[in-house]
Every structure is written in structure tokens, then in C-alpha cells.
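> show me how the following folds:
(2 chains)
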Amino acid sequence: DIQMTQSPSSLSASVGDRVTLTCRASQGISNSLAWYQQKPGKAPKLLLSAVSKLESGVPSRFSGSASGTDYTLTISSLQSEDFATYYCQHYYTTPWMFGQGTKVEIK
Amino acid sequence: QVQLVQSGAEVKKPGASVKVSCKASGYTFSYYGISWVRQAPGQGLEWMGWISGYNGNTNYAQKLQGRVTMTTDTSTSTAYMELRSLRFDDTAVYYCARGYYSSPLDFWGQGTLVTVSS
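Next up is the predicted model:
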């Protein structure tokens, strides 16, 4: 199984900060990588697919990139509505796996 | 607009079965698959498997093989997930989401809380 490891598990940041979340795959996943945002009591929401493809309606302050098997989600200027937990997920082959999540909290 | 609407919360005893439904609208059901993802209280997301809306082909997570069955009713654009021999650690919110094979999960249901309690 391909494991996904996210770091950090949590971070504290202020509105306006640039935030970078990382996800590492245990082997190649051919850029079949998605990022989801989940707020308490709500279903996850797809933000980006194929590493860097922004979903319709998602603000452009969210971006994704890759370097080998390391994947990054960047929020260029954190807004109050961005405080949430973020999950990466590969859909390269089954079993699909999610990272354990990064919780972004208010400093 | 695409919508996935799930059935309501369930409370089950250990050893029982639960069947959760997910009614899709706003798109052609047979063009996509439905995946099921669960989330135990305070925990992360766990992929359970998917089913094709086209031909009913399934792909289950190995840890659930033998206990889970996913089906569809194309006449009503509804997907179902049945989990048998329930254990306490099956207590979770169960989500359906559109997406399977090599596509991400682009639309999600609202979630169904399944509580396993004696």
C-alpha cells in the first residue's frame, strides 16, 4: 500500500500568513494527488486535484506543487475561513490512502 | 447542481448490520462511480471502497473485505453501502463521494453517523 505522510500534524498561524503544508508519498503516484479541506462537523471539500488543478470556486490563494514524491499545499495569505484540517489523498491505485491531516489553527 | 444526499443516523448493536444510502442528483449517475469514506470520532479519513455507476464493479479496502458490500440502483441514482458484523470500532461518520478508479472525490454527501453500542 502507498502511505501518505503529512507534516506538520498541526500549526498555528495568523490571518495574512503564508502557510505551507507538506505530504509525502511512500512511492510514486504519478501526480494523482488531491487536497481536501474539512471544517468541524462538515464533509471534506476538494480543493485541488492532479497536484495543482484548482477546483471551481476555490480561491486562488490556494496552490499545489510537487517535487518527486513530496507534495505541497500553499495558502498564500491565510484568511479566517481557512482555519480547518487539510488532508492529502492519492488516487493512483487502490487502496486509496489519505494523509493523517494537518490542522491549521488560529495563533 | 451535483448533490449527494445520505440517509440518517443509525444506532446498531455489535454484530448487527447497517445499510447507508446515498442518492445522487444533478449529473448522469452512470458516468461516475461512488466511493465510501469513513471517519471515526476525532480521527482522519479512511477509504472503504468504490463502486462503478456504470456496471456495478466494486473495489473494496482489504481490511473490510467480507464485511462490506456496495451496490447501486441506477433507476433511482442511489448507491448503498452495507457493513455487517459491526464492531465498536466501526462507530464513525460514513461519507459517500463522487469519484472512483483514477479520479478524485469531487462532491461529497453530508455524512451518516453510525454508532455501534451495546
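> contact partners for the residue nearest the centre of chain A?
Nearest to the geometric centre of chain A sits residue A:35, at 3.9 Å (CA atoms, centre = their mean). Residue A:35 is in contact with A:23, A:46, A:47, A:48, A:62, A:64, A:73, A:86, A:87, A:88, A:89, counting by CB atoms under 8 Å, 6 or more residues apart in numbering or on different chains. To be clear about C-beta, it is placed using only N, CA and C from the backbone, and glycine gets the same treatment.
> change it to 10 Å
Residue A:35 sits next to A:21, A:23, A:44-49, A:51-52, A:54-55, A:58, A:62-64, A:71-73, A:86-89, A:99, B:104 when contact means CB atoms under 10 Å, 6 or more residues apart in numbering or on different chains.
> same question for residue B:108.
A:36, A:38, A:42-46, B:2, B:4, B:6, B:22, B:35, B:37, B:95-99.
> counting neighbours, what do you get for the nearest residue to it once chain neighbours are set aside?
Leaving out its chain neighbours, the residue that sits closest to residue B:108 by CB to CB, 6 or more residues apart in numbering or on different chains is residue A:43, at 3.9 Å. The number of residues packed near residue A:43 is 21, by other CB atoms under 10 Å in any protein chain shown.
> in terms of helices and strands, where is residue A:43?
Using DSSP states H and E, residue A:43 sits within no helix or strand.
> contacting residues for it?
Contacts of residue A:43 (CB under 10 Å, 6+ apart): A:36, B:4, B:6, B:37, B:39, B:93, B:95-97, B:105, B:107-111.
> give me the low-pLDDT residue ranges for the chain?
You didn't say which chain, so I picked chain A. Of all residues in chain A, none has pLDDT under 70.
> now do the strands in it.
A:4-7, A:10-13, A:19-25, A:33-38, A:45-49, A:53-54, A:62-67, A:70-75, A:85-90, A:97-98, A:102-106 (DSSP state E).
> out of the ones you listed, which gets nearest to residue B:64?
Minimum separation from residue B:64 across the strands of chain A (CB to CB) falls at strand A:97-98, 14.3 Å.
> what packs against that closest one?
strand A:4-7, strand A:85-90, strand B:46-52 (3 or more CB pairs under 10 Å, 6 or more residues apart in numbering or on different chains; DSSP states H and E).
> what are the contacting residues of it?
By CB under 10 Å, 6+ apart, strand A:97-98 touches A:1-6, A:23, A:25-26, A:29, A:34, A:36, A:44, A:87-91, B:37, B:39, B:44-47, B:61.
> just the buried ones out of the residues you listed, please.
A:2, A:4, A:6, A:23, A:25, A:29, A:34, A:36, A:44, A:87-91, B:37, B:39, B:45-47, B:61 (16 or more other CB atoms under 10 Å in any protein chain shown).
> for residue 69, which non-adjacent residue is closest in space?
Chain wasn't specified; assuming chain A. Nearest residue to residue A:69, sequence neighbours excluded (CB to CB, 6+ apart): residue A:25, at 4.3 Å.
> my question was about chain B
In space, residue B:69 is closest to residue B:82, 4.7 Å off (CB to CB, 6+ apart).
> and what of residue B:52?
residue B:33 (4.7 Å).
> same deal with residue A:16?
residue A:77 is the one closest to residue A:16 (CB to CB, 6+ apart), at 5.5 Å.
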